[in-house]
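Student: structure here, sequence nowhere to be found:
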């Protein structure tokens, strides 16, 4: 477990404490966290702020010349929206806590040259399994499932 | 020109008045606008709120059973991030003001069953051409170009 995934997990847990969906992410540039965030569907009534989007937003406005040297750590496999953001801004490496409970657009990312590292970390898996079990409707809403 | 594209253009012009990037969008359900928005990069220092994302956010939390019967009108071809959001939430039809000044992830959308209608409306083209000519750096930032 890298220290940056630990930071992403801290964000996920913060989301859980707030009553939200426990997914966290951090954006790292030159070995330093420059943006951190967590899913805000509940907290902000947001359909846009998945964890990865929140971390990107909190990092602020950046040119792709910086993004291309960033790494994004996220506790869960990024959905197609977040993967689209990763591709838009040319982030070249994504470290994924787990893809057992949900597998996002990993193929699209890899096809477009993004390097992925999937940890399948037990903390991340347990956190999502527990959440999904007791929040099926909310979870479906978050991933665009009827 | 449909009345809904006119609404999207109104949003784009509102963005321009605010000193922002002139791109607008509206989300339509059963012939009624349920969300409207425009690019907020400048206004909110946002890397997330492209016009389409802003319209989705302003529509509020919705299940895909509603999204799938929505149409999204946008003055400009949706980038890969916004296309990802369209795919995540299962929006099935997108009406695009123009794709001459920027062509987003139209192929990905079509490949995944989203119906596209491209108007190449002169108002939309003129608005973006004028903007890009005098804001190249800002525009590149918005579309993830170095």
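Tutor: Yes, it's here. These figures come from a predicted structure and were not determined experimentally.
Student: any stretches of chain A with poor pLDDT?
Tutor: For chain A, the stretches with pLDDT under 70 are A:1.
Student: what does it have sitting close to chain B?
Tutor: Counting by C-beta under 8 Å from any C-beta of the partner chain, the residues of chain A close to chain B are A:41, A:45-49, A:53, A:56-57, A:59-65, A:67-68, A:79-85, A:87-90, A:105, A:108, A:140-141, A:143-146. Every residue, glycine included, has its C-beta placed from N, CA and C.
Student: sitting in helices, which of the residues you listed do you find?
Tutor: Among the residues of chain A next to chain B, the members falling in helices are A:53, A:56-57, A:59, A:64-65, A:67, A:80-85, A:87-88, A:108, A:140-141 (criterion: DSSP state H).
Student: list buried residues within the residues of chain A next to chain B.
Tutor: Listed as buried from the residues of chain A next to chain B are A:41, A:46-49, A:53, A:56-57, A:59, A:62, A:64, A:67, A:79-85, A:87-90, A:105, A:108, A:141, A:143-144; burial here means 16 or more other C-beta atoms under 10 Å in any protein chain shown.
Student: in space, what's closest to the closest residue to chain B within chain A - neighbours in sequence excluded?
Tutor: Distances from chain A to chain B, computed as C-beta to the nearest C-beta, single out residue A:84 as the nearest residue at 2.6 Å. Ranked by C-beta to C-beta, 6 or more residues apart in numbering or on different chains and with sequence neighbours excluded, the top spatial neighbour of residue A:84 is residue B:84, at 2.6 Å.
Student: swap in residue A:10?
Tutor: With C-beta to C-beta, 6+ apart as the measure, residue A:24 is the residue that lies nearest to residue A:10, at 6.7 Å, once sequence neighbours are left out.
Student: which secondary structure state does the residue lying closest to residue A:39 once chain neighbours are set aside sit in?
Tutor: On the basis of C-beta to C-beta, 6+ apart, the spatially nearest residue to residue A:39 that is not a chain neighbour turns out to be residue A:21, at 4.1 Å. Under the three-state scheme (DSSP: H, G, I helix; E, B strand; the rest coil), residue A:21 adopts coil.
Student: could you pull up phi and psi at residue A:21?
Tutor: For residue A:21, the backbone dihedrals are phi -80, psi 120 (criterion: degrees, to the nearest 10).
Student: distance-wise, check it relative to residue A:44.
Tutor: 12 Å (C-beta to C-beta, to the nearest Å).
Student: who's more crowded, those two?
Tutor: Set side by side, residue A:21 and residue A:44 give different neighbour counts by other C-beta atoms under 10 Å in any protein chain shown, the larger being at residue A:21 (27 against 13).
Student: and the more buried one, what does it touch?
Tutor: Residues touching residue A:21, when contacts are defined by C-beta atoms under 8 Å, 6 or more residues apart in numbering or on different chains, comprise A:15, A:39, A:41-42, A:131, A:135, A:138-139, A:142.
Student: buried only: go through those residues for me.
Tutor: Buried members of the contacts of residue A:21, scored by 16+ other C-beta under 10 Å, are A:15, A:39, A:41-42, A:131, A:139, A:142.
Student: the longest helix in chain A is where?
Tutor: helix A:3-17.
Student: what is that one packed up against?
Tutor: Under the contact criterion of 3 or more C-beta pairs under 8 Å, 6 or more residues apart in numbering or on different chains; DSSP states H and E, the helices and strands touching helix A:3-17 comprise strand A:24-29, strand A:32-38, helix A:51-59, strand A:70-74, helix A:122-134.
Student: need those in CSV (columns: distance to residue B:73).
Tutor: Conversion of the helices and strands packed on helix A:3-17 to CSV gives the following (distance: least, C-beta to C-beta, whole Å):
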stretch, distance to residue B:73
strand A:24-29, 31
strand A:32-38, 29
helix A:51-59, 22
strand A:70-74, 31
helix A:122-134, 34
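Student: so which of the ones you listed gets nearest residue B:34?
Tutor: Put simply, out of the helices and strands packed on helix A:3-17 the one that sits nearest residue B:34 is helix A:51-59, at 21.2 Å, with distance taken as C-beta to C-beta.
Student: off-centre distance for the closest one?
Tutor: For helix A:51-59, the distance between its averaged C-alpha position and the chain's averaged C-alpha position is 9 Å (C-alpha atoms, centre = their mean, to the nearest Å).
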